[in-house]
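**Student:** sharing a sequence plus its predicted fold:
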Amino acid sequence: MSIAQHDEHGNADDEYLEASTVWDTIKDVNVHGLAVGRMTILQEPSPMMLAGVHMTMSRNFDMDEIFQHLVKKDGNKGQTKAFMHRAFEQTQTRQRSFFFAFKYYTVVGDGLTPAPWQQFDDRPPDKKSPDHIDITECSSVLALSLEGDPVKTIRLRSRRRRGAQLGAVYETFAPWHLLHIQWYADDEHSMRSEDIKKPFYSGPYAFLDSLAAEYRDAVKRYLNLNELISKLTTPPPQFMFDGRLRDKLLFEDKDFTYSRRYFWAYNTLGVINEGIKSMTSAYHDTFTAEFWAGKHPYLWPHPDPESQAGRNYLAKLQGVRHEIERAVKQLGACLTKNEMVRQEIMSLREQLFSGSSVKESRRAIEQGDNIKILTGVSMLFLPLTFVTSVFGITEFTISASDWRFPVTMIGVCVPFFILIFLLQTRMGMEWVKKMGNFFETHLSFGAVSDRAHRRRERQLQLQHLNAGDSHSILATRTKRTIPFRRRRKRGKVAPHIEVESIIQSRSEKSVWQSWRRKKGDDVSAPKDGNVV
């Protein structure tokens, strides 16, 4: 492994490494040809460096595929995904290579700008709120390529295809090349300079060691996001002593600040949780117990896992396995923390909606009271306007001392004012309701009378239904005379209908429907006289 010959920020004007500096770093790597493995780590490489990597690494990796997963969402849906079971790929380059595509989120560092293909909030700083959290996508690809020829050919039989599909398995301890391209806009990389003297027993071992470091970095970024979002949404302790702050948290302002904040934080944590789930699933679905036992059919199997050398090698792998699984458990803890913060946000949002709803309802009541006062004032001037408009007709020749004007004014206005006063009281409204029922019962006719009759008949039916036992059959014979018209002419008896009904302990709806059907049959009979 080469030692970096430059500072961490680069020595070019735009903080990108110059080509000469890169060459001075890598020109002395493995000049004697004794190394069996090479690790290449690129952090935010320039376009020229990416072009150089594409040209030099095409023999070991399918660089088009790697760049596609680094830049685009095609094939990974914007989430972390493992591409490890590749023994049955179409080309040998893909059969010998294995990689993880990491896709998740981080906070943009100070003075840094995400890559053009990464989604982020590109608004200028003056357009963002002071408490804005600048989140961006981050991506990396960790790939391993094994050299040499395949050591074993395996067959995969498929029901959809005729014959068997052939796959190639490469030597686990073959010469290897590890490529790690990182593109994070937070400048929080794990430097691997301390790994110069670290032994790597095979290419898969180096891959798993780098995978553990990548998972640890993801845990740090996820914890940072959780802390920032929790700080954004959790009320500060000062709200216990500051009434203005409590009102600000309880009632929404004109810009819907807290509704926007809670919506963004709640759904952002949901998206982050989906990324955590994909990252943990990528590990558990790929590295099974069969793999750690060295007996996987085509993913880096050990030639003789039961031998002493095989047991020693698998024991070395257990240390890396422990590091990865510890990072995966920490990811699960991050997921739990995010869910707890989401529940707190949900509670705060419900309290905000409740307080805002109460405030809006009170405001509506106040507006209703104001409209009521305005309507009352308008009603006071209505009779006055009517009287003055009548006596203001130019055809009338009424003197100013005529007694008819004040008498008419008093006779019209005083009863009207009394009526308005009564309508403003509960007793007056009850009296008006009773008068309405009286007129509806005794003086209404036509469609209004029919509705009143139907309502009264239904009330009687319900009274009979409630009076009986719900588990026994009631047979109640009732006769009612239903006049076609309540208004009778002198000397004539209005035609009527005598309805006989048998009420049983059925549901209210069935009783009412059966009575309506019977009534419809009776009404359809001839109207000459009494119909029974």
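**Tutor:** On my side now, so go ahead.
**Student:** where do the strands sit along the stretch 51-200 of the chain?
**Tutor:** Across the stretch 51-200 of the chain, reading from the start of the chain, the strands by DSSP state E, counting those that start in this stretch fall at 81-83, 97-107, 135-146, 150-157, 164-170, 176-183.
**Student:** now do the longest one: which elements does it pack against?
**Tutor:** Strand 135-146 is packed against helix 63-71, strand 97-107, strand 176-183, helix 203-233, with contacts defined by 3 or more Cβ pairs under 8 Å, 6 or more residues apart in numbering; DSSP states H and E. Every C-beta, even on glycine, is put in place using the N, C-alpha and C of the backbone.
**Student:** the inter-axis angle of that strand versus helix 203-233?
**Tutor:** In this structure, strand 135-146 runs at an angle of 170 degrees to helix 203-233, with axes from the mean of the first three to the mean of the last three Cα atoms, to 10 degrees as the basis.
**Student:** pick the most deeply packed of the helices and strands packed on strand 135-146.
**Tutor:** A comparison of the helices and strands packed on strand 135-146 by mean neighbour count, using mean count of other Cβ atoms under 10 Å, puts strand 97-107 on top with a mean of 24.
**Student:** angle of it against strand 135-146?
**Tutor:** Put simply, strand 97-107 runs at 160 degrees to strand 135-146, going by the same axes, to 10 degrees.
**Student:** name the single longest helix found in the chain.
**Tutor:** Here the longest helix in the chain is taken by residue count, with DSSP state H as the criterion, and it is helix 308-391.
**Student:** what about that one, average pLDDT?
**Tutor:** Computed over helix 308-391, the mean pLDDT rounds to 88.
**Student:** same for that helix, what does it pack against?
**Tutor:** With contacts defined as 3+ Cβ pairs under 8 Å, 6+ apart, helix 308-391 has these neighbours: helix 203-233, helix 243-250, helix 257-286, helix 289-292, helix 404-423.
**Student:** flag the shaky bits of this structure, pLDDT-wise.
**Tutor:** Low-confidence segments of the chain, defined by pLDDT under 70, span residues 1-19, 158-164, 191-196, 394-396, 400, 440-453, 466-532.
**Student:** would you turn the strands of the stretch 51-200 of the chain into JSON lines with distance to residue 117?
**Tutor:** Below are these laid out as JSON lines (distance: least, Cβ to Cβ, whole Å):
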{"stretch": "strand 81-83", "distance to residue 117": "17"}
{"stretch": "strand 97-107", "distance to residue 117": "12"}
{"stretch": "strand 135-146", "distance to residue 117": "8"}
{"stretch": "strand 150-157", "distance to residue 117": "35"}
{"stretch": "strand 164-170", "distance to residue 117": "32"}
{"stretch": "strand 176-183", "distance to residue 117": "9"}
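**Student:** which residue ranges make up each domain of the chain?
**Tutor:** Domain ranges of the chain: 36-362, 425-523, per automatic domain parsing.
**Student:** looking at these, which is nearest to residue 29?
**Tutor:** domain 36-362 (7.1 Å; Cβ to Cβ).
**Student:** what is the burial count for residue 268?
**Tutor:** As a burial measure, residue 268 scores 18 neighbours (other Cβ atoms under 10 Å).
**Student:** apologies, that question was intended for residue 286.
**Tutor:** Using other Cβ under 10 Å, the number of residues around residue 286 comes to 18.
**Student:** how about it, nearest residue that isn't a chain neighbour?
**Tutor:** Once its chain neighbours are removed from consideration, residue 286 has its nearest residue in residue 82; the separation is 4.5 Å (Cβ to Cβ, 6 or more residues apart in numbering).
**Student:** quick check: the one you found touching residue 284?
**Tutor:** No. Residue 82 is not in contact with residue 284 according to Cβ atoms under 8 Å; the separation is 10.0 Å.
**Student:** okay, those two: which has more neighbours?
**Tutor:** Neighbours around residue 82 and residue 284, counted as other Cβ under 10 Å, are more numerous at residue 82. The numbers are 21 against 10.
**Student:** surely residue 63 is in contact with residue 52?
**Tutor:** No. The pair residue 63 / residue 52 is not scored as a contact, 10.9 Å apart, by Cβ under 8 Å.
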